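Student: 3D, please:
(one chain, ligands or ions: 1)
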Amino acid sequence: MKKAICPGSFDPVTLGHIDIIERTADIFDEVVVLVMSNSSKKSSLFTIEERIELLKKCLNKPNVKIDTHNGLLVDYAKKEGAVAIVKGLRAVSDFDYEFQQALTNKSLYPECETVFLCARGENMFLSSSMVKEVCSLGGDISSFVPASISEVIYKRCKGDK
Ligand code: ADP
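Tutor: As a prediction, this is how the structure comes out:
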């Protein structure tokens, strides 16, 4: 039973995240989408619980579960017996930071590999921050996030609850 972790802040989840999670679920027996609550990103649009609810609405593969963790990612990987951390790579700009993280995690917990999947061409420039920016300026986010959650994101960006 090979378990992988897809970690991130998912504030909010985008079609780029969904693509990486579903491809990971096709490769590994079990996938944990891990909403990290100790992200360095300062202001968040959704609470951890809300992000989990949005993820639930978009994911329906039976081997994918959602969890949250506050602390070191490798501690969670150890506890869960995960063999891989799967990350999506977009432009070269992602590489430096991701490479640093991967090497740090490897030295903290050598039994767990970091695996990189290339973003699909159409998702290369898609990020949660871009979704928030476009949405708050009244733009159309329908090609960036799943249809089932776009309304909630529009409302929140407008300042509604
Ligand atoms: P973001 O970088 O958009 O704020 P996260 O921190 O939640 O997103 O990222 C979680 C993981 O998802 C990271 O491995 C990140 O590289 C990956 N990811 C984010 N957006 C995309 C995308 N458009 N295509 C592929 N992978 C992505």
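Student: So residue 102, which state does it fall into?
Tutor: helix (DSSP: H, G, I helix; E, B strand; the rest coil).
Student: per-residue confidence at it?
Tutor: Per-residue confidence at residue 102 stands at 97 (pLDDT).
Student: Neighbours of it, how many?
Tutor: The number of residues packed near residue 102 is 16, by other CB atoms under 10 Å. (C-beta placed from N, C-alpha, C; glycine too.)
Student: Kindly report the same for the one 10 residues further on.
Tutor: By other CB under 10 Å, the residues close to residue 112 number 22.
Student: With residue 105 instead?
Tutor: Burial of residue 105 is recorded as 19 neighbouring residues (other CB under 10 Å).
Student: quick one: is stretch 108-118 near the ligand?
Tutor: No: judged by CB under 6 Å from any ligand atom, stretch 108-118 makes no contact with the ligand; its nearest approach is 7.3 Å.
Student: What average pLDDT does that stretch get?
Tutor: 97.
Student: low-confidence ranges in this protein?
Tutor: 39-42, 161 (pLDDT under 70).
Student: Close to the ligand: what parts of it are there?
Tutor: 8-10, 14, 16-17, 20, 87-88, 90, 94, 119, 123, 126-129.
Student: Select from those every entry located in strands.
Tutor: 8, 87, 88 (DSSP state E).
Student: Now the buried members of the residues of the chain next to the ligand.
Tutor: Applying 16 or more other CB atoms under 10 Å to the residues of the chain next to the ligand, the neighbour count classes 8-10, 14, 16-17, 20, 87-88, 90, 94, 119, 123, 126, 128 as buried.
Student: List the ones among those that fall in helices.
Tutor: 16, 17, 20, 94, 128 (DSSP state H).
Student: how close does the last one get to residue 106?
Tutor: With the distance defined as CB to CB, to the nearest Å, residue 128 ends up 26 Å from residue 106.
Student: Likewise for the second one?
Tutor: Taking CB to CB as the criterion, residue 17 is separated from residue 106 by 23 Å.
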